[in-house]
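Enquirer: Quick check, what structure comes out for this input:
(chains A and B)
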Amino acid sequence: MKKHLYTLLMSLALSMAALPLFAQEDLLSLLGEEEETTDYATASFKTSRVINLHSLENTASGVLDFKISHRFNTVQNGLYDFFGLDGANLRIGFDYGVTDRLAIGIGRSNYEKTLDGFAKYKILRQSKGKRNMPITLAAFGSVAMQTLKWANPDRDNHFSSRLYYTGQLIIGRKISEGFSLQLSPTIVHRNLVATFDESNDVLALGIGTRVKLSKRMAINLEYIYVLPDQLAPQFVNSLSVGLDIETGGHVFQLHFSNSRIMVEKGFIAETANKWEDGGIHFGFNISRVFTIVRPPLD
Amino acid sequence: MFKKCILFALFGLFAVSAAHAQKYFTREGKVSFSSDAKVEKIEAVNKTATSVYDAATGKMEFAVLIKAFQFEKALMQEHFNENYMESDKFPKASFKGSVTDFKAVNLAKDGVYPVKVKGQLSIHGVTKDVEADGKFTVKGGVIAAASTFEVAVADYGIVIPAVVRDNIAKTVKIDVALTYQELKKGS
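Expert: Model prediction:
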């Protein structure tokens, strides 16, 4: 009898040991821990510009972003020139994503008949999971060339005098779903300046932020601090505030700014109007993306 | 007596391992969806769906990482995650249910077995009871499972704004296709 009991107990014990396999409620947990993936932060800004400054975001790989931008006259003359809308600076540009890290672009502005080109490379990408990276870091370089007729054709004019270079680091983070912040330490090099008092190299620090109002709307703010004693006295720091509206394939960026020029050397080093004097320009950037190279889906 | 005990115990163990072998899994299931609206067709594919099927009880589970859906257009993918699925908040979609007529399926024998699957589908933080037709296809020991069903996006709290009403369908078609492997201990 004792032996029977022993047998029974023994069998029960063995079955019990195996029981957890049956008792498993959650089938998927049988697969154990999943392999961790790297989750990159996306959409820290609605598009690749904050307002004038380049944002943390790049044009996606294989995508062409057609950008039309306008900056109107100052609003201070009121209805007479329709709050500045009677006159506009404009830029037409194309950005293209070569890879997910590298974007290039060209543009043409009517201001000083300027052509510009840039390249922007993401060195670090904010991510979590397998690879943890708290920030995004991008390196940006651009060249702008004004193509006006020489103001003084009789003197010895050099082609290099037409050129302006910008080097910039963009360091930022999508801090939460609705809030992104970036810093843009910048150097603008001007081959030719008007007076001895102006420096050829201009150091500046841009700050840009995005606050989401809803899934499709966001407020952007941008300020560019230029270190003292580099610019002619009439030039001031650029301050812009804007509203991003995204509608499927378009992003509309509507803003107010005291800057009117849409290339770096202009909005960083040649902003002449002051907010406090009503020197505010209404403007917009419209972005329309076209997918040129489609990734295979099958 | 002791022999009997051993036999009994062994039998017990055998029963357990046999039952265990009746579980199947995949980590590479393909889940795709298509939205066929007036203006455009949107398609996306996810090839990393995980699933476990217990042939002994008919129980079936799925988990799909939302961010792993690949789109043809990068912007669609961004909007899908940011605006519609809110994948930071709801990273996964899942299904927990069972094959109601699982007894009619013999995974050891070649053939096509139409089945009904019933359970709870969770998308975007909303769980709903669903029912779908599917089938098991066994051929040369390879067990494939497939199902196609439709999901009304509004049922899962996903709002489509008026401006893109003609771009995104109210009901999207979901295709599931996967190959199950036997789930062995430690795999």
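
Enquirer: And residue B:77, which helix or strand is it part of?
Expert: Element membership for residue B:77, per DSSP states H and E: helix B:74-79.

Enquirer: Helix or strand next in line after that helix, which one?
Expert: As assigned by DSSP H and E, the chain's next helix or strand after helix B:74-79 is strand B:92-99.

Enquirer: Direction included, what does that next one pair against?
Expert: Partners of strand B:92-99 in the sheet, by DSSP bridges, are strand B:59-65 (antiparallel), strand B:111-123 (antiparallel).

Enquirer: Redo those as a markdown table? Include mean neighbour count and mean pLDDT.
Expert: Backbone N, C-alpha and C define where each C-beta goes, glycine included. Shown next, in a markdown table, are the strands paired with strand B:92-99 (neighbours: other Cβ atoms under 10 Å in any protein chain shown; pLDDT from 0 to 100):
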| stretch | mean neighbour count | mean pLDDT |
| --- | --- | --- |
| strand B:59-65 | 22 | 95 |
| strand B:111-123 | 17 | 96 |
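
Enquirer: any chance of the ones you listed in TSV, with distance to residue A:219 too?
Expert: Output for the strands paired with strand B:92-99, formatted as TSV (distance: least, Cβ to Cβ, whole Å):
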stretch	distance to residue A:219
strand B:59-65	31
strand B:111-123	31
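
Enquirer: next SSE after the helix-or-strand element of chain B with minimal mean pLDDT?
Expert: Using mean pLDDT, DSSP states H and E, helix B:2-20 stands out as the lowest-scoring helix or strand of chain B, at a mean of 54. Downstream of helix B:2-20, the first helix or strand assigned by DSSP H and E is strand B:23-36.

Enquirer: Tell me the buried residues in that following strand?
Expert: Neighbour-count burial for strand B:23-36 flags B:23, B:24, B:25, B:26, B:29, B:30, B:31, B:32, B:33, B:35 (criterion: 16 or more other Cβ atoms under 10 Å in any protein chain shown).

Enquirer: Equivalent analysis for stretch B:42-58, please.
Expert: B:42-55, B:58.

Enquirer: Quick check: the residue of chain B nearest chain A.
Expert: The nearest approach of chain B to chain A comes at residue B:74, 3.2 Å away (Cβ to the nearest Cβ).

Enquirer: any idea how far the closest residue to that residue other than its chain neighbours is from residue A:40?
Expert: Nearest residue to residue B:74 in three dimensions, chain neighbours excluded: residue A:60, at 3.2 Å (Cβ to Cβ, 6 or more residues apart in numbering or on different chains). As judged by Cβ to Cβ, to the nearest Å, residue A:60 and residue A:40 stand 12 Å apart.

Enquirer: Give me the residue ranges of the chain where confidence is low.
Expert: Went with chain A since none was named. A:1-3, A:5, A:7-25, A:298 (pLDDT under 70).

Enquirer: The intended chain is chain B.
Expert: Chain B contains residues with pLDDT under 70 at B:1-21, B:185-187.

Enquirer: contacting residues around the residue sitting nearest the centre point of it?
Expert: Centroid check for chain B by Cα atoms, centre = their mean gives residue B:62 as the closest residue, at 4.1 Å. Residues near residue B:62 by Cβ atoms under 8 Å, 6 or more residues apart in numbering or on different chains: B:29, B:31, B:49, B:50, B:51, B:94, B:95, B:96, B:176.

Enquirer: Can you name the residues bridging to the third one?
Expert: Per DSSP bridges, the residues bridged to residue B:49 are residue B:29.

Enquirer: Residue B:30 is in contact with that one, correct?
Expert: Yes: contact between residue B:49 and residue B:30 holds when scored by Cβ atoms under 8 Å: they sit 6.8 Å apart.

Enquirer: What residues does the residue in chain A that chain B sits nearest to make contact with?
Expert: Nearest to chain B in chain A, going by Cβ to the nearest Cβ, is residue A:60, at a distance of 3.2 Å. Residue A:60 makes contact with A:97, A:100, B:74, B:75, B:78 under the criterion Cβ under 8 Å, 6+ apart.

Enquirer: Would you confirm that the fourth one contacts residue A:289?
Expert: Yes: using Cβ under 8 Å, residue B:75 and residue A:289 qualify as a contacting pair, with a distance of 5.5 Å.

Enquirer: Quick check: neighbours shared by residue B:49 and residue B:30?
Expert: Each of B:176, B:178 lies in contact with both residue B:49 and residue B:30 under the rule Cβ under 8 Å, 6+ apart.

Enquirer: what number of residues lie near residue A:259?
Expert: Residues within reach of residue A:259, counting by other Cβ atoms under 10 Å in any protein chain shown, total 27.

Enquirer: Now the residue nearest in space to the middle of chain A: closest residue in space that isn't a chain neighbour?
Expert: For chain A, the residue nearest the mean C-alpha position is residue A:55 (1.3 Å; Cα atoms, centre = their mean). Distances taken as Cβ to Cβ, 6+ apart place residue A:45 nearest to residue A:55, at 3.9 Å, with adjacent residues excluded.

Enquirer: Is that neighbour located within a strand, as I assumed?
Expert: No: checked against DSSP: H, G, I helix; E, B strand; the rest coil, residue A:45 lies outside a strand; its state is coil.

Enquirer: so it makes contact with residue A:179?
Expert: No: judged on Cβ under 8 Å, residue A:45 makes no contact with residue A:179 at a distance of 11.1 Å.

Enquirer: who touches both of those two?
Expert: With Cβ under 8 Å, 6+ apart as the test, residue A:45 and residue A:179 both reach residue A:210.

Enquirer: higher neighbour count, these two?
Expert: The neighbour comparison of residue A:45 against residue A:179 (other Cβ under 10 Å) goes to residue A:45, with 23 against 14.

Enquirer: Tell me which residues touch the more buried one, please.
Expert: Counting by Cβ under 8 Å, 6+ apart, residue A:45 makes contact with A:55, A:56, A:57, A:180, A:208, A:210, A:218, A:220, A:244.

Enquirer: Would you map the strands across the stretch 151-298 of chain A?
Expert: Under the criterion DSSP state E, counting those that start in this stretch, the stretch 151-298 of chain A contains strands at A:163-176, A:179-190, A:201-212, A:217-226, A:238-247, A:250-257, A:281-291.

Enquirer: Need the ones you listed in JSON lines (columns: distance to residue B:160).
Expert: Shown next, in JSON lines, are the strands of the stretch 151-298 of chain A (distance: least, Cβ to Cβ, whole Å):
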{"stretch": "strand A:163-176", "distance to residue B:160": "25"}
{"stretch": "strand A:179-190", "distance to residue B:160": "25"}
{"stretch": "strand A:201-212", "distance to residue B:160": "19"}
{"stretch": "strand A:217-226", "distance to residue B:160": "16"}
{"stretch": "strand A:238-247", "distance to residue B:160": "13"}
{"stretch": "strand A:250-257", "distance to residue B:160": "17"}
{"stretch": "strand A:281-291", "distance to residue B:160": "20"}
